[in-house]
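>>> what shape does this take:
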Amino acid sequence: MGHLDHAAYGWLTPLLSYVMASIGAALGLRCTVRALAATGRSRRNWLLTAASALGTGIWTMHFVAMLGFSVTGTEIHYNVPLTLLSLVVAMGVVGAGIFAVGYGRDRGRSLVLGGLTTGLGVASMHYLGMAALRLHGTVDYDPLLAGLSVAIAVIAATAALWAALNIRSPAAVAVASLVMGAAVSSMHYTGMAAVGVEVTPSVEALPGATAMQFIFPLAVGLGSYLFLTSAFVALSPAAGARGPAARTGAARPTVRLRPAATPRPRPSG
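Next comes the predicted model:
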């Protein structure tokens, strides 16, 4: 059994992964709040932004944390197509849950369906990302801890969607995002605690790419996307914001003045 280290760089990767999860959660919540206050195409666009932000934040959190994962006796590589597929799954399934809440008529049923779908999407992303691992040996899981990680994902997703439906103030959203970030990080490290690796020493080259060759550049790119999206959301006017004319006062009705009638001359006599 190989020795597993989940924080090879100390607190750096756990802290950065938590920050990424919290930023993704904050963006997802803010965009969902904006979507619920909008209609038509605007609602759809805000929900798409929420799905991409939350999915990207969760995926980035997972793989930033994986930068600190090492196993004694073997290198670790990643299968590129499976890793990219895990990103697509994160955005797609999380998006399905968010759209269920954004367009559902029954808020209670939509919340349950959305929380379950989003939570299972987060868990699927995690274990699909773990399936992308390539190392000299075999990976197995403690079923109890793996099941617990899935339960944490569903509970965290349901709580996040409940916050999107019921919380409006930016300060409350910020607190909810920090809690969501902690929940997603807890899900990840609970899932990682379920991992066991039986190392088989070998001199053969591993297929796939190393974390620094592939994961690190992609995580930096997606992290940049999150920060740019944060700026966009912060600068975008909220729904119902008053336009320039409204801020200067109500528009006055246009009054048309008719020219005065010219008096007719009186007949003499």
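
>>> so who does the most centrally placed residue in the chain touch?
Taking C-alpha atoms, centre = their mean, the centroid of the chain lies closest to Leu54, which sits 0.7 Å from it. Counting by C-beta atoms under 8 Å, 6 or more residues apart in numbering, Leu54 touches Gly24, Ala25, Leu27, Gly28, Val94, Ile98, Ala160. Glycine gets a C-beta too; all of them are placed from N, C-alpha and C.

>>> count of residues packed around the residue nearest to it when sequence neighbours are not counted?
Among residues not flanking Leu54 along the chain, Gly28 sits closest, at 3.2 Å (C-beta to C-beta, 6 or more residues apart in numbering). Neighbouring residues of Gly28 were enumerated by other C-beta atoms under 10 Å; the total is 31.

>>> returning to what we had before: let's test this: mean pLDDT of the helix or strand containing the residue nearest to the centre of the chain, rounded?
According to DSSP states H and E, Leu54 maps onto helix 40-66. Mean pLDDT, helix 40-66: 90.

>>> list the buried residues for that helix?
43, 46-66 (16 or more other C-beta atoms under 10 Å).

>>> give the other helices and strands that the next helix or strand after that helix contacts.
For helix 40-66, the following helix or strand on the C-terminal side (DSSP H and E) is strand 70-71. Packing partners of strand 70-71 (3 or more C-beta pairs under 8 Å, 6 or more residues apart in numbering; DSSP states H and E): strand 4-5.

>>> assumed Lys202 was part of a strand.
Not quite, residue 202 is Ser, not Lys. No - per DSSP: H, G, I helix; E, B strand; the rest coil, Ser202 lies outside any strand segment and is coil.

>>> measure it to Val80 for me?
Going from Ser202 to Val80 by C-beta to C-beta, to the nearest Å gives 21 Å.

>>> higher neighbour count, the two?
Val80 (16 against 12).

>>> which residues are in contact with that one?
Counting by C-beta under 8 Å, 6+ apart, Val80 has contacts Gly208, Ala209, Phe214.

>>> those residues, buried ones only, as a PyMOL selection?
Remark: buried members of these, expressed as a PyMOL selection using 16+ other C-beta under 10 Å:
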select buried, resi 208+209+214
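
>>> okay if I get the contacts of Val80 as TSV plus secondary structure and pLDDT?
Listed next are those as TSV, based on DSSP: H, G, I helix; E, B strand; the rest coil; pLDDT from 0 to 100:
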residue	secondary structure	pLDDT
Gly208	coil	89
Ala209	strand	91
Phe214	helix	86
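
>>> just the contacts of Val80 now: which is nearest Leu12?
Phe214 (19.3 Å; C-beta to C-beta).

>>> just checking, that closest one touches Pro81?
No - with contacts counted by C-beta atoms under 8 Å, Phe214 stays clear of Pro81, the gap being 11.2 Å.

>>> who are the packing partners of the helix or strand hosting Val233?
In the assignment (DSSP H and E), Val233 maps to helix 216-235. Judged by 3+ C-beta pairs under 8 Å, 6+ apart, helix 216-235 is in contact with helix 12-36, helix 40-66.

>>> and the helices in the stretch 51-200 of the chain?
80-103, 107-131, 143-166, 170-193 (DSSP state H, counting those that start in this stretch).

>>> by contact count, what packs against the second one?
If contacts are counted by 3+ C-beta pairs under 8 Å, 6+ apart, helix 107-131 sits against helix 40-66, helix 80-103, helix 143-166, helix 170-193.

>>> could you give the angle of the second one to helix 107-131?
Okay, so that is helix 80-103. 170 degrees (axes from the mean of the first three to the mean of the last three C-alpha atoms, to 10 degrees).

>>> the third one too?
Angle of helix 143-166 versus helix 107-131, following the same axes, to 10 degrees, is 140 degrees.
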